[in-house]
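Visitor: With the input below, show me the fold.
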Amino acid sequence: MMITKDKVTEIFCIIDEFDKNLSAELAKNLRLPSHNSDGKRYRNRKGRLSESEIMTILVCYHFGAYRNFKEYYLNWVKGVMRQDFPDAVSYNRFVELMPRVFFKMMLFMKLYAFGKCTGITFVDSTMIPVCHNVRRYYNKVFADLAKDGKGTMGWCHGFKLHLLCNDSGEVITFCLTGANVDDRDSRVWTVFAKVLFGKIFADRGYIKQELFDSLFSQGIQLVHGLKAKMKNKLMPMWDKIMLRKRYIIECINELLKNKAKLVHSRHRSIHNFIMNLCSALTAYSFFENKPEALPVYVEKSRQLELFSC
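Guide: Numbers count the residues shown, from 1 in each chain. As a prediction, the model looks like this:
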């Protein structure tokens with residue numbers, strides 16, 4: 001089912017208000033040079049299609065039934081929504097304009113689309129293949145960037161998306177790495193630890209003593225299940241219940257892949273791949289069927305208070 005016009009208007013109003021506030025702050029505090037190194041004056045002419053409209057079109061793509069962005073733009077934007085986007089440019093020109101909104105899309109995703117840590121966090125990762133395994137040696141767009149990695153569904157050539165979400169089903173932050181990077185890699189958790197506190201619930205693929213000790217020293221408790229041959233440990237009933245709530249992060253991965261069309265093999269540039277990722281994560285924040293757990297409140301504290309219960 002395609003997105004409704006009321007939802008498009010809602011998304012555009014939110015993005016346009018953000019864009020106006022950001023442009024006002026940049027004009028007030030940021031002074032850009034008016035001439036380049038050759039002495040020529042920079043052009044400061046507004047385009048036919050505003051940056052708010054570009055961002056709205058990118059976000060709305062991840063709501064619809066179109067699997068191909070070109071078909072979506074030609075049939076829906078320039079066809080069904082022609083009255084709402086009267087100044088829509090050609091498809092080739094729109095692809096050229098997409099990198100211009102990368103900075104604003106990232107800020108909007110960080111400040112509006114992402115949630116905050118509540119003390120109950122779920123972590124998981126998912127593979128993002130960029131081509132079929134047979135064609136991995138002939139892929140030139142992601143040469144030297146995409147890697148071969150093995151996940152639960154087998155081998156793939158591409159990237160791995162590491163996600164954090166809270167108990168309300170809101171994405172907190174993400175980290176994009178090569179498909180061969182381990183879930184327990186210290187570089188990934190260096191990024192994650194900046195926004196975490198309380199308890200983080202993971203599957204058995206995150207079992208590592210060094211990772212547990214590193215997070216514990218920062219006031220974060222890593223809770224995970226036990227493997228078959230591991231020594232049994234006493235675990236509070238509350239932790240066992242929250243481990244069963246990991247379906248939240250798994251549902252988010254499912255929505256991003258199946259509904260938001262995060263994975264496809266039609267990328268022709270790295271910029272478009274990153275824009276597709278950012279717009280998909282932004283579109284998820286506007287979904288009405290986000291999974292969530294029962295409300296549980298955890299006080300922000302250090303490790304001595306974490307284990308007092």
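
Visitor: all helices for the stretch 1-150 of the chain, in order.
Guide: 5-29, 51-60, 69-72, 91-97, 102-108 (DSSP state H, counting those that start in this stretch).

Visitor: Pick the most buried one from the ones you listed.
Guide: helix 51-60 (a mean of 24; mean count of other Cβ atoms under 10 Å). All C-beta spots, glycine's among them, are computed from the backbone N, C-alpha and C.

Visitor: Provide the contact partners of that helix at residue level.
Guide: 3, 7-8, 11-12, 15-16, 19, 73, 77, 85, 87, 94, 97-98, 100-101, 104-105, 108, 275, 279, 282-283, 286 (Cβ atoms under 8 Å, 6 or more residues apart in numbering).

Visitor: Please identify which of the helices of the stretch 1-150 of the chain is closest to residue 263.
Guide: Ranking these by proximity to residue 263 (Cβ to Cβ) places helix 69-72 first, at 13.4 Å.

Visitor: Put the alpha carbons of the closest one into PDB.
Guide: Output in PDB follows, covering the C-alpha atoms of helix 69-72 (Å, rounded to 0.1, in the frame of the first residue of the first chain):
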ATOM      1  CA  PHE A  69      13.600   4.200  -7.200                       C
ATOM      2  CA  LYS A  70      13.500   5.300 -10.800                       C
ATOM      3  CA  GLU A  71      10.000   3.700 -11.300                       C
ATOM      4  CA  TYR A  72       8.900   5.400  -8.000                       C
END
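
Visitor: And the contacts of it?
Guide: 61, 64, 66, 91, 266, 276.

Visitor: cutoff 10 Å now
Guide: 2, 57-58, 60-62, 64-66, 77-78, 91-92, 94-95, 98, 261, 264, 266-267, 272, 276 (Cβ atoms under 10 Å, 6 or more residues apart in numbering).

Visitor: for stretch 119-138, which positions count as buried?
Guide: By 16 or more other Cβ atoms under 10 Å, the buried positions in stretch 119-138 come out as 119-131, 136.

Visitor: Domain parsing of this protein, as residue ranges.
Guide: Under the assignment automatic domain parsing, the domains of the chain span 5-29+47-112, 116-267+289-306.

Visitor: quick one on the thing from earlier: got JSON lines for the helices of the stretch 1-150 of the chain, with mean pLDDT and distance to residue 205 too?
Guide: What follows is those, written out as JSON lines (pLDDT from 0 to 100; distance: least, Cβ to Cβ, whole Å):
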{"stretch": "helix 5-29", "mean pLDDT": "90", "distance to residue 205": "35"}
{"stretch": "helix 51-60", "mean pLDDT": "93", "distance to residue 205": "32"}
{"stretch": "helix 69-72", "mean pLDDT": "89", "distance to residue 205": "33"}
{"stretch": "helix 91-97", "mean pLDDT": "91", "distance to residue 205": "37"}
{"stretch": "helix 102-108", "mean pLDDT": "92", "distance to residue 205": "29"}
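
Visitor: Let me have those helices in TSV, extended by distance to residue 236.
Guide: Output for the helices of the stretch 1-150 of the chain, formatted as TSV (distance: least, Cβ to Cβ, whole Å):
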stretch	distance to residue 236
helix 5-29	40
helix 51-60	40
helix 69-72	47
helix 91-97	52
helix 102-108	38
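
Visitor: which stretch among the ones you listed comes nearest residue 152?
Guide: Between these, helix 69-72 lies closest to residue 152; by Cβ to Cβ that is 27.9 Å.

Visitor: Out of the helices of the stretch 1-150 of the chain, flag the one nearest residue 187.
Guide: helix 102-108 (19.7 Å).

Visitor: Tell me how far stretch 117-135 lies from the chain's centre.
Guide: 10 Å (Cα atoms, centre = their mean, to the nearest Å).

Visitor: Could you list the alpha-carbon positions for that stretch in PDB?
Guide: Extracted in PDB, the C-alpha atoms of stretch 117-135 (Å, rounded to 0.1, in the frame of the first residue of the first chain):
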ATOM      1  CA  CYS A 117      18.800   5.400  25.500                       C
ATOM      2  CA  THR A 118      16.400   4.500  28.400                       C
ATOM      3  CA  GLY A 119      18.700   2.100  30.200                       C
ATOM      4  CA  ILE A 120      17.100  -0.900  28.300                       C
ATOM      5  CA  THR A 121      18.900  -1.400  25.000                       C
ATOM      6  CA  PHE A 122      18.900  -4.200  22.400                       C
ATOM      7  CA  VAL A 123      21.700  -4.800  19.900                       C
ATOM      8  CA  ASP A 124      21.800  -6.800  16.700                       C
ATOM      9  CA  SER A 125      23.400  -6.700  13.300                       C
ATOM     10  CA  THR A 126      22.200  -7.500   9.800                       C
ATOM     11  CA  MET A 127      24.000  -8.000   6.500                       C
ATOM     12  CA  ILE A 128      23.500  -5.600   3.600                       C
ATOM     13  CA  PRO A 129      24.600  -7.400   0.400                       C
ATOM     14  CA  VAL A 130      25.400  -5.100  -2.600                       C
ATOM     15  CA  CYS A 131      25.400  -7.800  -5.300                       C
ATOM     16  CA  HIS A 132      25.000 -11.500  -5.800                       C
ATOM     17  CA  ASN A 133      27.900 -13.600  -4.500                       C
ATOM     18  CA  VAL A 134      28.700 -14.800  -8.100                       C
ATOM     19  CA  ARG A 135      29.200 -11.200  -9.200                       C
END
